[in-house]
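Chemist: need the 3D shape of this:
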Amino acid sequence: MTSKQSAGILLYRRIHNVLEVFLVHPGGPFWKKKEAGVWTIPKGEFTSEEPALDAAVREFREETGTTLKGPFQPLSPIRQKGGKRVYAWACPGDLDPEKIVSNTFELEWPRNSGRMVAFPEVDKAGWFLLDQARLMINPAQIAFLDELAETA
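Modeler: Next comes the predicted model:
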């Protein structure tokens, strides 16, 4: 089990009284052809020196280009399959998924080529109805959707 931890924001909105959630798709060659079960809330790792909510807001900004002001509703932390603990906050808001601007990371690609290539951390984003989101999101994060549906 890993002791890594991440923090993120589950952005949501209501359109005609129907709840929608904002999810992102991880960038890079490993995720390119994968859809169901790999989308996630915008999130990222942090250390114990940084407050989890500050990390969640920073990661949302780094992955989307948008700084959220809140209000932030804490959700119950979850543990993903690999052992990473994820802290999350729900936040009402709206943004255009076509206009996100993600930070990048470098990866040797193709493997063993010696060539470093920059990839966006998030390659696309979208709004999903809850039933659709449950199919697309990392299975461990479904608990965030369920808790939001009960409280929002």
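Chemist: okay, CA-based contacts and neighbour counts for the rest of this
Modeler: Noted.
Chemist: which parts of the longest helix along the chain are buried?
Modeler: Identified as the longest helix of the chain according to DSSP state H is helix 52-64. Going by neighbour count (16 or more other CA atoms under 10 Å), the buried part of helix 52-64 is Ala52, Leu53, Ala55, Ala56, Val57, Arg58, Glu59, Phe60, Arg61, Glu62, Glu63, Thr64.
Chemist: now do the helices in the chain.
Modeler: Under DSSP H, the chain gives helices at 52-64, 130-136, 142-151.
Chemist: export stretch 34-41 to CSV, keeping only CA atoms.
Modeler: Output of stretch 34-41 as CSV, limited to C-alpha atoms (Å, rounded to 0.1, in the frame of the first residue of the first chain):
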residue,chain,number,x,y,z
LYS,A,34,-9.1,4.6,-22.4
GLU,A,35,-12.4,6.2,-21.4
ALA,A,36,-14.7,4.3,-19.0
GLY,A,37,-13.2,4.2,-15.5
VAL,A,38,-10.3,6.6,-16.0
TRP,A,39,-11.9,10.0,-15.8
THR,A,40,-11.4,11.7,-12.5
ILE,A,41,-12.1,14.8,-10.4
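Chemist: quick one: buried residues of it?
Modeler: For stretch 34-41, a neighbour-count test (16+ other CA under 10 Å) marks Gly37, Val38, Trp39, Thr40, Ile41 as buried.
Chemist: give me the neighbour count for the nearest residue to the last one once chain neighbours are set aside.
Modeler: If I follow you right, that is Ile41. Leaving aside its chain neighbours, Ile41 sits nearest to Leu23 (5.0 Å; criterion: CA to CA, 6 or more residues apart in numbering). Other residues lying near Leu23 total 24 when counted by other CA atoms under 10 Å.
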